[in-house]
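Enquirer: After the sequence you'll find the predicted model.
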Amino acid sequence: MPNPSEHKRTVRRAFTKQADAYATNASVTDPERIARLVEATGADTSDRVLEVATGPGHVAFSFGDHCAEVVGLDLTKAPLEIAQEKKRENETENVAFIRGDAEAIPCPANSFDVVVCRLALHHVEHPDYVVQEMARVCRPNGTLAVGDLVVSEHSDRAEYHNTFERLRDPSHVRALSISELIHVFTEQGIEIDHLQTDTVVQNVKNWLSNAQTPEPRATETREMIRKDAEEDVSGTQPFWHDDELYFRQLNAIVAGHLLE
């Protein structure tokens, strides 16, 4: 595994700064989207669950409503404090939060029945290391699931999308295409049982505000998305509505079981 990187420090800075806005972001908190991830795993009442990159814990708490025990892991202190406060307020007993690195999960092998990660792989330098660690801590025949934004299968279009995502938020490394995400899973001996996609429509002004993107990076980001609206260079299909600029993020859930 790699040593702690400058990028991980960038992630900590970004999610410390964004912690409150991220915890209330509609696309993050949407209970229907979270429920789709829970349903994709087929988790039941006896399962022990790990959520990697839990952030403020929305997914972990949702699994806690269905499962015996849930652990939420995150690299950054600030969102974990939000999760811990919610745990205290709700007197939740079967959900715990720990700080740790997704590339070196501080848990023994074969510890969990279900291991999930939502909206985080695009923030890591080595998504294959993360999925490898997820597989390590999952029991044989257990379930693994990732929900994340995905980019075009065409590399030039994918790079255009990833470029304006990075301009908006330097903690963004690279969203994968669906085929790349499937490849990462199968390389770790995971048999894919479930694949679904949906679309999140982002208001560009709010999206930039949530990340607290400074000028002139915000200006450059807007210009890239405006060009995309005119020339269709990323597949995000930007459009104008009531003088506001929007674009579409494709999201995918991939889930499967770990072969014995």
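Expert: Yes, it's here. Numbers count the residues shown, from 1 in each chain.

Enquirer: what pairs with residue 52 across the strands?
Expert: With DSSP bridges as the criterion, residue 52 is bridged to residue 73, residue 117.

Enquirer: Next up, the contacts around it.
Expert: Counting by C-beta atoms under 8 Å, 6 or more residues apart in numbering, residue 52 makes contact with 73, 102, 105, 115, 116, 117, 120, 130, 133, 134. Just so you know, the C-beta spots here come from the backbone N, C-alpha and C atoms, and that holds for glycine as well.

Enquirer: And it, how close does it get to residue 242?
Expert: Relative to residue 242, residue 52 is positioned 38 Å away (C-beta to C-beta, to the nearest Å).

Enquirer: Equivalent analysis for residue 176, please.
Expert: From residue 176 to residue 242 the distance is 33 Å (C-beta to C-beta).

Enquirer: Which one's more surrounded, these two?
Expert: Shown here are residue 176 and residue 242; by other C-beta atoms under 10 Å, residue 176 has more neighbours (22 against 5).

Enquirer: So that one sits against residue 185, correct?
Expert: No. Using C-beta atoms under 8 Å, residue 176 makes no contact with residue 185, being 10.6 Å away.

Enquirer: Find the residues that touch each one of these two.
Expert: By C-beta under 8 Å, 6+ apart, no residue touches both residue 176 and residue 185.

Enquirer: Skipping adjacent residues, who's closest to residue 260 in space?
Expert: Computed as C-beta to C-beta, 6 or more residues apart in numbering, the closest residue to residue 260 that is not its neighbour in sequence is residue 140, at 4.1 Å.

Enquirer: To which secondary structure element is the one you found assigned?
Expert: According to DSSP states H and E, residue 140 maps onto strand 138-150.

Enquirer: Flag every buried residue along that strand.
Expert: For strand 138-150, the neighbour count (16 or more other C-beta atoms under 10 Å) marks 138, 139, 142, 143, 144, 145, 146, 147, 148, 149, 150 as buried.

Enquirer: distance of the fifth one from residue 189?
Expert: Same thing as residue 144. Counting by C-beta to C-beta, the gap from residue 144 to residue 189 is 10 Å.

Enquirer: Now do the shared contacts for those two.
Expert: 135, 258.

Enquirer: I am finished for the moment; much appreciated.
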